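Asks: after the sequence you'll find the predicted model.
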Amino acid sequence: MRFAIVGSGGVGGYFGGRLAEAGEDVTFIARGEHLAAMLRDGLKVSSIKGDIVIDPVQATDDPASVGVVDCIIVAVKAWQVREAAESMRPMVGPDTFVLPLENGVEAADTLTDVLGGDPVLDGLCGILAWREAPGHIKHAGVDPFIRFGERDNHNSERTARLKSVFDNVKGVSAEIPDDIKVAQWSKFLFICAMSGIGSVTRAPIGVTRQLSETRALTERLLEEIEAVAKAHGVIFPGDAVSRAMQFIDAMPAESTSSMQRNIMSGEPSELESQNGAVVRLGRAVGIETPTHAMIHAALLPQEMAARGEGPP
């Protein structure tokens with residue numbers, strides 16, 4: 001299959017690199033020093049599942065130069081999804097499908113707003129990875145997985161085809177869940193809680209899960225997300241919160257979320273797509289989310305400063 005990876009950081013760089021390693025035709029959409037390093041030295045992936053170097057690598061900052069592809073994997077930051085969707089139009093043909101691998105739960109809606117509903121799948125991934133340096137991706141934790149499906153959960157030839165591709169990719173586990181919304185919100189459940197508690201405390205997960213005070217706060221974050229999800233029709237299992245805590249407890253003690261790392265570096269973050277989204281989506285269905293509202297409010301001044309904004 002012919003793939004385009006829109007967003008070539010930790011997520012896009014890892015999964016795109018593994019696809020290229022397996023012999024798939026992969027073009028990375030990147031820019032700046034990262035693009036220059038990839039074109040000069042190839043893409044290096046340092047991974048607990050085995051290191052790889054893709055050299056030469058197909059990469060560009062101009063989606064229009066790529067042409068129509070079979071699958072576009074969207075792995076930009078959540079606030080960049082709409083702009084990315086606009087830029088990828090030249091790569092979308094009548095049979096192209098678009099797979100978002102975002103931390104939030106609204107990316108597919110945004111892509112549909114721009115591209116229409118036909119090309120868009122729902123998806124998610126699990127991995128602890130980041131851009132270590134230009135042209136270099138570091139995968140440090142979590143056995144990488146990818147889950148995807150049609151937005152209405154019907155079986156389709158294109159999802160089966162994509163699954164068969166990933167079944168031949170080393171270092172990746174692929175699945176088509178029975179209910180992609182439940183899978184997506186289950187991932188959002190733990191990553192949003194982890195992002196919120198880590199960002200407000202500036203501490204890694206090994207600290208916040210051990211202190212009784214921050215562990216209790218994390219559990220309240222999980223419970224509020226669960227309530228919002230159920231109000232939006234997501235059919236969570238009864239043990240969703242406890243399973244999310246088990247996942248948090250199993251993560252490497254030094255783990256931090258990408259949102260936390262962005263906030264600690266003074267960069268724009270996914271605050272509005274994570275804790276802010278819980279507040280907004282809760283309000284839409286009459287669910288109070290006071291813990292997320294507190295974290296969102298506490299982090300908002302820094303987020304606005306990082307974006308060059310300020311109070312009116």
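Replies: The structure has been received and is ready for your questions. Residues are numbered from 1 along each chain as shown.
Asks: where exactly do the strands run in the stretch 51-200 of the chain?
Replies: 52-54, 58-60, 71-74, 97-100, 122-133, 136-149, 173-175 (DSSP state E, counting those that start in this stretch).
Asks: closest one to residue 112 among these?
Replies: With respect to residue 112, and counting by CB to CB, the nearest of the strands of the stretch 51-200 of the chain is strand 97-100 at 9.2 Å. For the C-beta atoms, the positions are set from N, CA and C on the backbone; glycine is no exception.
Asks: what's the mean pLDDT across the closest one?
Replies: Per-residue pLDDT over strand 97-100 has a mean of 97.
Asks: and the contacts of it?
Replies: Strand 97-100 has contacts (CB atoms under 8 Å, 6 or more residues apart in numbering) with 70-74, 81, 88, 92, 107-108, 111, 115, 119-123, 148, 158, 162.
Asks: just the buried members of those residues?
Replies: The neighbour-count test (16 or more other CB atoms under 10 Å) marks 70-74, 81, 88, 92, 107-108, 111, 115, 119-123, 148, 158, 162 as buried among the contacts of strand 97-100.
Asks: mean confidence (pLDDT) on the lengthiest helix in the chain, please.
Replies: When the chain is parsed with DSSP state H, its longest helix is helix 180-201. Average pLDDT, helix 180-201: 96.
Asks: how about the residue nearest the centre of the chain, nearest residue that isn't a chain neighbour?
Replies: Centroid check for the chain by CA atoms, centre = their mean gives residue 102 as the closest residue, at 2.7 Å. Spatial nearest neighbour of residue 102, chain neighbours left out: residue 78 (5.3 Å); criterion: CB to CB, 6 or more residues apart in numbering.
Asks: same question, residue 228
Replies: Nearest one to residue 228, counting by CB to CB, 6+ apart, is residue 282 at 4.4 Å.
Asks: next secondary structure after the strand or helix carrying the one you found?
Replies: Counting by DSSP states H and E, the element that carries residue 282 is helix 275-284. Next in sequence after helix 275-284, counting helices and strands by DSSP H and E, comes helix 290-306.
Asks: distance from that following helix to the middle of the chain?
Replies: 20 Å (CA atoms, centre = their mean, to the nearest Å).
Asks: coming back round to it: next one: the longest helix of the chain to chain centre, how far?
Replies: How far helix 180-201 lies from its chain's middle: 11 Å, per CA atoms, centre = their mean.
Asks: after it, which helix or strand is next?
Replies: Per DSSP H and E, the first helix or strand lying C-terminal to helix 180-201 is helix 205-208.
Asks: so which elements touch that next one?
Replies: helix 180-201, helix 212-231 (3 or more CB pairs under 8 Å, 6 or more residues apart in numbering; DSSP states H and E).
Asks: list the contacts of that helix.
Replies: Against helix 205-208 from outside (CB under 8 Å, 6+ apart): 194, 197-198, 201, 214-215, 217-218, 248, 251-256.
Asks: is there a quick ChimeraX command that grabs whichever of these are buried?
Replies: Here is the ChimeraX selection string for the buried members of these, based on 16+ other CB under 10 Å:
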select :194,197,198,201,214,217,218,248,251,255,256
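Asks: for residue 59, state which of the contacts of helix 205-208 is nearest.
Replies: residue 256 (27.4 Å).
Asks: still on that earlier bit, for the longest helix of the chain, name the packing helices and strands.
Replies: So helix 180-201, by 3+ CB pairs under 8 Å, 6+ apart, packs with strand 122-133, strand 136-149, helix 205-208, helix 212-231, helix 240-250, helix 258-264, helix 275-284, helix 290-306.
Asks: I'd like those laid out as JSON lines, including mean pLDDT.
Replies: Formatted as JSON lines, the helices and strands packed on helix 180-201 follow (pLDDT from 0 to 100):
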{"stretch": "strand 122-133", "mean pLDDT": "94"}
{"stretch": "strand 136-149", "mean pLDDT": "95"}
{"stretch": "helix 205-208", "mean pLDDT": "97"}
{"stretch": "helix 212-231", "mean pLDDT": "97"}
{"stretch": "helix 240-250", "mean pLDDT": "94"}
{"stretch": "helix 258-264", "mean pLDDT": "94"}
{"stretch": "helix 275-284", "mean pLDDT": "97"}
{"stretch": "helix 290-306", "mean pLDDT": "96"}
